[in-house]
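1. next input, structure requested:
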Amino acid sequence: REALEHYGESGAGTVQSLKLEKKKMEVIGVYSPVGRTMKTTFALTLGQVLAREEKVLYITLEECSGLSALTGTVYTGGLSDLLYYYTQREYSSVRLGSVTYNWGELDYIPPVTYAEDKNGIRQEVFSGLVQRIAADGTYEELILDVGGFCGGSEELLGICDVVYVPVKDDVVST
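-> Residues are numbered from 1 along each chain as shown. Below is the predicted model:
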């Protein structure tokens, strides 16, 4: 990870890889406007199951995901860094690799470091980042654990090929 970050900073070029067939990445959104639906648990489980047979990237947009405690990892980079690289036009597959972690067979990008990091970031910026990741052709599936990101979720859900909406069957949730 440190080597990839250093390589990305040095501007030493781009990593060339042989891709015989480029498959369109499927973007899967998991969203619920109601709390307590186990949305994140579902998204992570879905990612782990799909990762058994495909290359999957999981991105959480929750401010307080608990991912660090769940994976037992202290992060040195994450979504805050990737958004910075993208908005500064410094995004590359090498930069993506420098903030990507692995949990079993599932690759994931840790959430924003501070909730304030997503202030001022428009949905269009994040959806552009997702489309850029898709264009790289590294992943077959991308799972977005969509929270209240950027003041709404309409644009992000609009770029998803599939959206799962976990629900609770109670009066308050209804």
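
2. drop to CA atoms for contacts and neighbour counts, all remaining ones
-> OK.

3. what about the helices in the protein?
-> With DSSP state H as the criterion, the chain has helices at 2-10, 39-50, 67-71, 79-87, 93-98, 123-136, 154-158.

4. can you tell me how far the nearest residue to Glu62 once chain neighbours are set aside is from Val94?
-> Of all residues not flanking Glu62 in the chain, Gly147 sits nearest, at 5.1 Å (C-alpha to C-alpha, 6 or more residues apart in numbering). Separation of Gly147 from Val94 (C-alpha to C-alpha, to the nearest Å) stands at 27 Å.

5. Leu44 too?
-> With C-alpha to C-alpha as the criterion, Leu44 and Val94 are 24 Å apart.

6. what do you get for Glu26?
-> Applying C-alpha to C-alpha, the value for Glu26 to Val94 is 21 Å.

7. and the two? which has more neighbours close in?
-> Val94 (20 against 17; other C-alpha atoms under 10 Å).

8. confidence score at the more buried one?
-> For Val94, the model assigns a pLDDT of 93.

9. thinking again about what came up before, contacts only, for the residue nearest to Glu62.
-> Contacts for Gly147 (C-alpha atoms under 8 Å, 6 or more residues apart in numbering) come out as 31-33, 60-62, 153.

10. who wins for most neighbours among those residues?
-> When neighbours are taken as other C-alpha under 10 Å, the top entry among those is Thr60 (24 neighbours).

11. for it, which non-adjacent residue is closest in space?
-> In space, Thr60 is closest to Asp145, 4.5 Å off (C-alpha to C-alpha, 6+ apart).

12. then Ser93?
-> In space, Ser93 is closest to Asp136, 6.8 Å off (C-alpha to C-alpha, 6+ apart).

13. gap between the one you found and Val163?
-> Taking C-alpha to C-alpha, one finds Asp136 at 22 Å from Val163.

14. and these two? Which one has more around it.
-> Neighbours were counted for Asp136 and for Val163 using other C-alpha under 10 Å; Val163 has more, 18 against 14.

15. ok, that one to Val27 distance?
-> As judged by C-alpha to C-alpha, Val163 and Val27 stand 9 Å apart.

16. contacting residues around the residue lying closest to Thr113 once chain neighbours are set aside?
-> In this structure, Thr113 finds its nearest non-sequential neighbour in Ser80, 6.1 Å apart by C-alpha to C-alpha, 6+ apart. With contacts defined as C-alpha under 8 Å, 6+ apart, Ser80 is in contact with 111-113, 117-118.

17. and the residue nearest in space to the middle of the chain, bridged to which residues?
-> Residue closest to the average C-alpha location in the chain (C-alpha atoms, centre = their mean): Ile59, at 2.1 Å. Beta bridges link Ile59 to Ile109, Leu144, judged by DSSP bridges.

18. cool, thanks, signing off.
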